[in-house]
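# got a sequence here, can you build the structure:
(chains A and B)
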Number of protein chains: 2
Amino acid sequence: MRVGVLGTGVVGRSIANKLLELGHQVTMGSRSASGEALGEWLAEAGEGARGGSFAEAAADSELIFNCTAGTASLAALGAAGAENLEGKTLVDVSNPLDFSQGMPPTLAVCNDDSLGEQIQAAFPQARVVKALNTVTSAVMVEPTRVRGDHSIFVCGEDAAAKAQVSALLEAFGWLPDAIVDLGEIGAARGTEMYLPLWLRLYGHFGDADFNISLAR
Amino acid sequence: MRVGVLGTGVVGRSIANKLLELGHQVTMGSRSASGEALGEWLAEAGEGARGGSFAEAAADSELIFNCTAGTASLAALGAAGAENLEGKTLVDVSNPLDFSQGMPPTLAVCNDDSLGEQIQAAFPQARVVKALNTVTSAVMVEPTRVRGDHSIFVCGEDAAAKAQVSALLEAFGWLPDAIVDLGEIGAARGTEMYLPLWLRLYGHFGDADFNISLAR
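As a prediction, the model looks like this:
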């Protein structure tokens, strides 16, 4: 599959590298199509790797990952272009973390709205699936870094898009039973507002190789 | 021990009954010391049960549980009286859920503040410990309703108060390893902002007998 990965940070690179390893063709998009981070990634990435602007990465692809910083995501997707997102599955991995007031970060949007919902509202023709934003990037693409049957959440309006993303998550190593469909995109409030607890747990454990599992 | 339980709802009654079962003396406090809910509870509760106003319940007790609705907690604690909370451990079980805008509820305070922090700030002489607010009332006092080594969080400024609350949680049936100290009271942002995810999981499972466990 031709996949676009928007964002050249650690999340974008982790997902892009995993997709390449799985045999997909990946175009990584960055604000500046000639940026340093993108050049570095291309120099190390193997066959199937391409780079370009946000718009080029989106236009090239059948499915798109938003791995940009949450506070820059709407602008990045605007630069990608609504016409290049239309009808495509858009996996929103971002969190609206706002570090401008110092630590701990606050959420730039929460409570009666979420970034996932804002993205779906801004790009109604995209099939937005919120996923993977509750674990660190290394765990996203290598869930066995954490022991046990820990969980990963998906939500969105489009059942077929969620099924497509769930299949990708299984390819990433997530067990089918670990993938929890929380319903429509409004559930993104839940997974994004989990971040303050995640940050506390990060402080508690001292590293990010953890996750939650659901006990019944 | 003489324990005050503020709030006559299902959370207050669950905790009060468990404390009685454990041999503690419990004074349940309500806004109206002669209210119907309080009368019903007293009629069914056994030895060691008393009822009164918020102030009477607090004055009577060595340790106090705040089980009032989150949006009414500051007023309830104000009615209890700062002088009756002074130097005492105040276990804050409440969540600032605001149902006034319909479902799903929003949080009346979140992101750059929390109800736990507001209570500690309003009553600086109380030793506030946020705890138990991440599970349904039945699970609070009977954690074996959920299988596995699921977790319960405490946070607060006073280490001795947290140790006292942790011991009570163990008496409730929580395993020592299940009790996770998240640090100071600011961590209440994390456990309170988990509620939107909890509500989604409640919808997913169809009942409230669930919890999260930490996977490493």
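# leaving out chain neighbours, which residue sits closest to the residue most central in space within chain A?
Centroid-nearest residue in chain A, with CA atoms, centre = their mean: residue A:93, separated by 2.0 Å. In space, not counting the residues next to it along the chain, residue A:93 is nearest to residue A:132; the distance is 4.7 Å by CB to CB, 6 or more residues apart in numbering or on different chains. Quick note: C-beta positions are derived from backbone N, CA and C, even for glycine.
# my guess is that neighbour contacts residue A:152. True?
Yes. In this structure residue A:132 lies within contact range of residue A:152 using CB atoms under 8 Å: 6.5 Å.
# which neighbours do these two have in common?
Taking CB atoms under 8 Å, 6 or more residues apart in numbering or on different chains as the criterion, residue A:132 and residue A:152 both touch residue A:169.
# helix, strand or coil for residue A:198?
Recorded secondary structure, residue A:198: helix (DSSP: H, G, I helix; E, B strand; the rest coil).
# now do the contacts for it.
For residue A:198, the contact set (CB under 8 Å, 6+ apart) comprises A:134, B:190.
# roughly how far apart are it and residue A:95?
Remark: distance between residue A:198 and residue A:95 (CB to CB, to the nearest Å) = 9 Å.
# so where's chain A uncertain?
The model of chain A has no residue with pLDDT under 70.
# got the residue ranges for the helices in chain A?
A:10-21, A:36-44, A:54-59, A:73-80, A:82-85, A:115-122, A:137-141, A:159-172, A:188-193, A:195-205 (DSSP state H).
# winner for burial among those helices?
helix A:188-193 (a mean of 28; mean count of other CB atoms under 10 Å in any protein chain shown).
# show me what it is packed against.
helix A:115-122, strand A:127-131, strand A:152-156, helix B:195-205 (3 or more CB pairs under 8 Å, 6 or more residues apart in numbering or on different chains; DSSP states H and E).
# what about 7 Å?
helix A:115-122, helix B:195-205 (3 or more CB pairs under 7 Å, 6 or more residues apart in numbering or on different chains; DSSP states H and E).
# can you show me the CA trace of it as CSV?
C-alpha atoms of helix A:188-193 as CSV (Å, rounded to 0.1, in the frame of the first residue of the first chain):
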residue,chain,number,x,y,z
ALA,A,188,-11.1,10.8,21.1
ARG,A,189,-11.9,13.0,24.1
GLY,A,190,-11.3,9.9,26.2
THR,A,191,-8.0,8.8,24.7
GLU,A,192,-6.6,12.3,24.4
MET,A,193,-7.6,13.2,28.0
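# and that helix, how far out from the chain's middle?
Here helix A:188-193 is found 13 Å from its chain centre; the criterion is CA atoms, centre = their mean, to the nearest Å.
# go on, stretch A:120-136?
Relative to the mean C-alpha coordinate of its chain, stretch A:120-136 is positioned 8 Å out (CA atoms, centre = their mean).
# circling back: okay if I get the helices and strands packed on helix A:188-193 as TSV plus distance to residue B:168?
Formatted as TSV, these follow (distance: least, CB to CB, whole Å):
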stretch	distance to residue B:168
helix A:115-122	38
helix B:195-205	22
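# any idea how far apart the tips of stretch A:25-36 sit?
Counting by CA to CA, to the nearest Å, you get 21 Å between the two ends of stretch A:25-36.
# residues making contact with it?
Stretch A:25-36 is contacted by residues A:2-6, A:8, A:12, A:16, A:19-20, A:37-38, A:41, A:48-54, A:56-58, A:60-61, A:76, A:80 when judged by CB atoms under 7 Å, 6 or more residues apart in numbering or on different chains.
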